[in-house]
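Student: would you be able to build a 3D model of this:
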Amino acid sequence: MSTSPANPKRALLAWVKDRYPVSKFVEWGKHKTVPIGPGAFWYYFGGITLFLFLIQVGTGILLMFYYKGSADTAFASVRFISAKVPFGWLVRSVHAWAANLMILAACVHMFSVFFMRAYRKPRELTWVSGIALLGILFGFGFSGYLLPWNELAFFATKVGTDIIGVIPYVGDPIMYVLRGGEDVSGSTLPRFFALHVALFPALLTMLIAGHLFFIQMQGIHEPDAWKAHPEQRKTMPFFPHFFMRELLLWLITLNIVAVLAVFFPAELGIEADPFSPAPAGIKPEWYFLATFEFLKYMPAHVGPMEGEELGLLIISAGFLLWCFVPWIDRGRSRLMTNIVMVAGVAIIVFLAIMTYLGHTS
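Tutor: Next comes the predicted model:
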């Protein structure tokens, strides 16, 4: 094959093929299939979550060029980004909206996997790794909320860390480490900044790699009805058919983020003052509202326990049961499957009601 300047593209492809097994990857992509049928639309939300994470990484790197993570400089640096840096306000708004949509997409993906019963054998670890990913995303949101160092973020972080401190035995030490002392202060901000840009990205990257590895090894879950009626089985090639559809949804998602960022830009508010009283109506971000509101409805004491401690114990027990769903519902008992599905609906209704009450109160 000629490697003359007349064939630079062919020369480059030949160079790559001679050193890396690209053809094997292409062949794998052609033979990998994705189910077609009822509920196939929900398969795309995992990829949408990944795309929003990539937006977070890109915009986060741009923001770090100007952000200064200390209590004395954080607010001023964010104000400089929003007012002076060309398109800085847009990058910050895209970062904020992509964070919210990423958590929403991850929740939709989790519940779609749940109701399609895609957590069953052999995908137990895929389910558990997905739950861990969602937990890290919540950590991203919680740690990033304080970084502008404005009044709303400061007191919302105080509320959030107060809730952590209620956890029996381990709550106070965790709260002390997160805050860097007894209260939210200037020592808290560098810790949250380190979590947001170092620890959580490292953990999330490893979990994403493991999660994707499990999915590629086991394939995408096929509807249970196909086992009884194999003649209904329909699939499409992952590449290029599913891949191109995924790219189209990524483009739509990018447009949605851009529209929200332009018409509803992220606000900055006023600089945090640790010595000022908390303004009325301070609430955490929407994805923590259900927990926040639920704890508000707990009585002061239930027997020997404080109400908030009991509430967190109930939430923790529910979370553990959610993680062990693949071992609770193995598909051997129709009654158990129905109980698990009803419990899933009840959880969605509970979260929706608590979030609505928290938003309107």
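Student: any low-confidence regions in this structure?
Tutor: Counting by pLDDT under 70, the chain shows low-confidence ranges at 1-6, 29-30, 228.
Student: which elements pack onto the helix or strand where Met110 lies?
Tutor: Secondary-structure assignment from DSSP states H and E places Met110 in helix 88-115. If contacts are counted by 3 or more Cβ pairs under 8 Å, 6 or more residues apart in numbering; DSSP states H and E, helix 88-115 sits against helix 44-64, helix 74-83, helix 124-145, helix 243-263, helix 334-360. C-betas here are computed from N, CA, C, even on glycine.
Student: okay, those helices in TSV with mean neighbour count next?
Tutor: Putting the helices and strands packed on helix 88-115 into TSV (neighbours: other Cβ atoms under 10 Å) gives the following:
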stretch	mean neighbour count
helix 44-64	19
helix 74-83	18
helix 124-145	19
helix 243-263	15
helix 334-360	13
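Student: could you redo these as JSON lines and give each row distance to Ala280?
Tutor: As requested, the helices and strands packed on helix 88-115 are arranged in JSON lines below (distance: least, Cβ to Cβ, whole Å):
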{"stretch": "helix 44-64", "distance to Ala280": "30"}
{"stretch": "helix 74-83", "distance to Ala280": "22"}
{"stretch": "helix 124-145", "distance to Ala280": "19"}
{"stretch": "helix 243-263", "distance to Ala280": "27"}
{"stretch": "helix 334-360", "distance to Ala280": "15"}
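Student: so which of those helices comes closest to Cys323?
Tutor: helix 124-145 (5.5 Å; Cβ to Cβ).
Student: can you give me the angle that closest one makes with helix 88-115?
Tutor: 150 degrees (axes from the mean of the first three to the mean of the last three Cα atoms, to 10 degrees).
Student: tell me the angle of the helix or strand just after helix 124-145 relative to helix 124-145?
Tutor: Moving toward the C-terminus from helix 124-145, the first helix or strand encountered (DSSP H and E) is helix 151-165. Inter-element angle recorded for helix 151-165 and helix 124-145: 130 degrees (by the same axes, to 10 degrees).
Student: can you tell me what sits against the next helix or strand after helix 151-165?
Tutor: Later in the chain than helix 151-165, the nearest helix or strand by DSSP H and E is helix 171-179. Helix 171-179 is contacted by residues Thr161, Asp162, Ile164, Gly165, Ile167, Glu182, Ser185, Ser187, Thr188, Arg191, Phe192 when judged by Cβ atoms under 8 Å, 6 or more residues apart in numbering.
Student: for PyMOL, write the selection for the buried entries among those.
Tutor: Filtering those down to the buried ones (16 or more other Cβ atoms under 10 Å) takes a single PyMOL command:
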select buried, resi 161+164+165+167+188+191+192
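Student: ok, the contacts of helix 171-179 vs Tyr119, which is closest?
Tutor: Ile167 (26.9 Å).
Student: check contacts around the closest one.
Tutor: Ile174, Glu309, Leu312, Ser316.
Student: which of those has the largest number of neighbours?
Tutor: Leu312 (21 neighbours; other Cβ atoms under 10 Å).
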